[in-house]
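Enquirer: Can you look at this prediction? I've put the sequence above it.
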Amino acid sequence: MNVFDCAIKMEQEARLLYEKMAKDTAVPELKNLFTLLAESEQEHHDALMQLKESINPLKVQFKELQGSACFFKPLMAKFDLATKLTEDSDAYQHIVKEEEKGVRFYEDLAAQTEDQQANKILLMIAGEERKHLSIVKNIYSFVESPKNFLASAEFSNLKEL
């Protein structure tokens, strides 16, 4: 299994975990959060699939990376933590930390390889992870926005000058 396949597999596992967490939680806000995260993981999976299809695998050697790539399992390996997150209002904070670890993981792999093409691809995957991290942060803002909305009568009567 190459790095792409491992990254894609991790996204599938993350989606399945978020779907399970959405099903298991009784907290409506967390259910919404986990559902949106599962959808985001599917979009991230699809983006990685497109990236994989756009690259000729024969030109890239991931020899020293094959073993380590599949051992990185952030939140997925922590089912006990996942169970606790279904009841934790701070679940999002744990998820963001795990997503940040994913970005660092691919950047570290890129630094370890001597093959320039593999380095470039790993940095592309890290870039996709960074985009995904941004989406995860936006999802949380979206879910939390009703709690943070401020409407004031003071501002409702402002007229354009």
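Expert: Here it is on my side, so go on.
Enquirer: in the helix or strand where Gly102 lies, what's buried?
Expert: Following DSSP states H and E, one finds Gly102 within helix 91-112. In terms of neighbour count (16 or more other Cβ atoms under 10 Å), helix 91-112 has its buried residues at 91-92, 94-95, 98-99, 102-103, 105-107, 109-110. Every C-beta, even on glycine, is put in place using the N, C-alpha and C of the backbone.
Enquirer: the longest helix in the chain is where?
Expert: helix 116-148 (DSSP state H).
Enquirer: hmm, back to that, can you tell me which of the buried residues of helix 91-112 is nearest Phe4?
Expert: Tyr106 (11.3 Å; Cβ to Cβ).
Enquirer: Would you mind measuring from the closest one to Asp24?
Expert: The spacing between Tyr106 and Asp24, counted by Cβ to Cβ, to the nearest Å, is 29 Å.
Enquirer: next one: Glu98
Expert: 18 Å.
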